[in-house]
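**Student:** any chance you could fold what I've pasted below:
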Amino acid sequence: MKIAIPVIDDSKHKYDIANGFNSTGSLCLYNKDSDQYSWIRIADLASNMGELLPALISKDVDNVITKHIHPMALQVFILKGVKVYLSEGFNLKENIDLFNQSKLHLCDAISSYADIQICGGQCSVCSTECNEK
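**Tutor:** Take a look at the predicted model:
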């Protein structure tokens with residue numbers, strides 16, 4: 001079982017979960033069976049965000065832990081058989097522990113719409129702290 005977690009970068013902040021997937025960030029790929037961690041820049045895995053899910057599936061990823069996900073992206077992940085869990089805070093290792101204890105919540109349509117209701121989805125920044133108007 002492999003889990004993909006978007007992180008801020010693959011060096012200084014590799015244990016800090018990012019707000020969501022973006023092309024400038026990185027991913028931690030965690031193999032639950034071997035308890036191995038690896039990091040990769042999203043741009044090195046997929047040339048655009050539309051190619052990210054097929055790239056994850058090719059790496060046998062079947063679960064995702066993320067802070068936020070766009071509702072349409074969530075639907076695509078679910079249709080392709082990838083389960084999406086909402087992180088509790090931003091600490092990667094704590095969230096892996098919670099996942100291993102079955103204490104993370106599956107993301108559903110209602111939770112994926114939370115950010116869109118806040119900002120209206122009018123910018124390219126997926127963050128509840130968004131100040132762009």
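**Student:** now the end-to-end length of stretch 96-104.
**Tutor:** Length of stretch 96-104, first residue to last, C-alpha to C-alpha, to the nearest Å: 9 Å.
**Student:** now that stretch: buried residues?
**Tutor:** Going by neighbour count (16 or more other C-beta atoms under 10 Å), the buried part of stretch 96-104 is 96, 98-99, 104. The way it works is simple: take the backbone N, C-alpha and C, and place the C-beta from them, glycine included.
**Student:** let me know the average pLDDT across that stretch.
**Tutor:** Stretch 96-104 carries an average pLDDT of 97.
**Student:** would you agree residue 46 is in contact with residue 55?
**Tutor:** Yes. Look at residue 46 against residue 55 with C-beta atoms under 8 Å: they come within range, at 4.5 Å.
**Student:** could you list the low-confidence segments of the protein?
**Tutor:** 23, 110-133 (pLDDT under 70).
**Student:** residue ranges for the helices of it, please.
**Tutor:** 42-45, 52-58, 71-79, 92-100, 109-112, 114-119 (DSSP state H).
**Student:** re earlier: export the buried residues of stretch 96-104 to TSV and tack on distance to residue 10?
**Tutor:** Listed next are those as TSV, based on distance: C-beta to C-beta, whole Å:
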residue	distance to residue 10
96	17
98	22
99	20
104	23
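**Student:** for the protein, what spans make up the strands?
**Tutor:** Along the chain, counting by DSSP state E, strands occupy 2-7, 26-31, 36-41, 61-66, 83-86, 105-106.
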